[in-house]
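Asker: heads up, no residue letters with this:
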């Protein structure tokens, strides 16, 4: 296992203390990662006139670019990422238009995904989104961890999968 990596988890859930948060906390505890809860920040929707540059998005991107590995944590909502994470990714357009130098720092950034949901397995539509985003932005998409939680997140039930996931982060 590689140590000393600066890992940042971007938690994007409607519930800051829900199943996905508990999974993020378990991963963070294993690898001393910092958790950024997107609910605690103001991120406006994408705006073609770029009148929203005073929100928290660019500050969050600075944190992202200072990381050695970024983990996106989201529940699976309707076979997709959460609205919070979708809004965050929509704003990456700013990095392709008005903040290109900051956007260039994303190329080659190692990322991975952790998620919770009620389906037995991670939906293909969910994984395809992250593959497409990674291809487009030049992210290096690593492993994805999915924990099926029909009710509550049970750490003991997912401990082996979490350990395998964190051991795979480079």
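Answerer: Done, it's in. Keep in mind that what you see is a predicted model, and the values were worked out from it rather than measured.
Asker: where do the strands of the chain begin and end?
Answerer: Assigned by DSSP state E, the chain shows strands spanning 7-11, 34-37, 69-75, 110-117, 140-148.
Asker: show the contacting residues for the residue positioned nearest the centre of the chain.
Answerer: Residue closest to the average C-alpha location in the chain (CA atoms, centre = their mean): residue 72, at 1.1 Å. The neighbours of residue 72, taking CB atoms under 8 Å, 6 or more residues apart in numbering as the test, are 9, 10, 12, 81, 85, 111, 112, 113, 114, 130. C-beta: built from backbone N, CA, C; applies to glycine.
Asker: let's have those in TSV, adding distance to residue 18.
Answerer: Output for the contacts of residue 72, formatted as TSV (distance: CB to CB, whole Å):
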residue	distance to residue 18
9	14
10	15
12	11
81	15
85	14
111	22
112	20
113	17
114	13
130	20
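Asker: among those residues, which one lies nearest to residue 154?
Answerer: Distance to residue 154, by CB to CB, is smallest for residue 114 among the contacts of residue 72, at 15.5 Å.
Asker: and that closest one, how far from residue 169?
Answerer: 11 Å (CB to CB, to the nearest Å).
Asker: sorry, back to before: okay, the strands of the chain in a markdown table with distance to residue 58 and mean pLDDT next?
Answerer: Formatted as a markdown table, the strands of the chain follow (distance: least, CB to CB, whole Å; pLDDT from 0 to 100):
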| stretch | distance to residue 58 | mean pLDDT |
| --- | --- | --- |
| strand 7-11 | 14 | 98 |
| strand 34-37 | 14 | 98 |
| strand 69-75 | 16 | 98 |
| strand 110-117 | 19 | 98 |
| strand 140-148 | 23 | 96 |
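Asker: can I get those strands in JSON lines with distance to residue 56?
Answerer: Converted to JSON lines, the strands of the chain look like this (distance: least, CB to CB, whole Å):
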{"stretch": "strand 7-11", "distance to residue 56": "12"}
{"stretch": "strand 34-37", "distance to residue 56": "10"}
{"stretch": "strand 69-75", "distance to residue 56": "16"}
{"stretch": "strand 110-117", "distance to residue 56": "20"}
{"stretch": "strand 140-148", "distance to residue 56": "25"}
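Asker: so which of these gets nearest residue 89?
Answerer: Using CB to CB, these put strand 69-75 closest to residue 89, at 8.8 Å.
Asker: mind listing what's buried in the closest one?
Answerer: 69, 70, 71, 72, 73, 74, 75 (16 or more other CB atoms under 10 Å).
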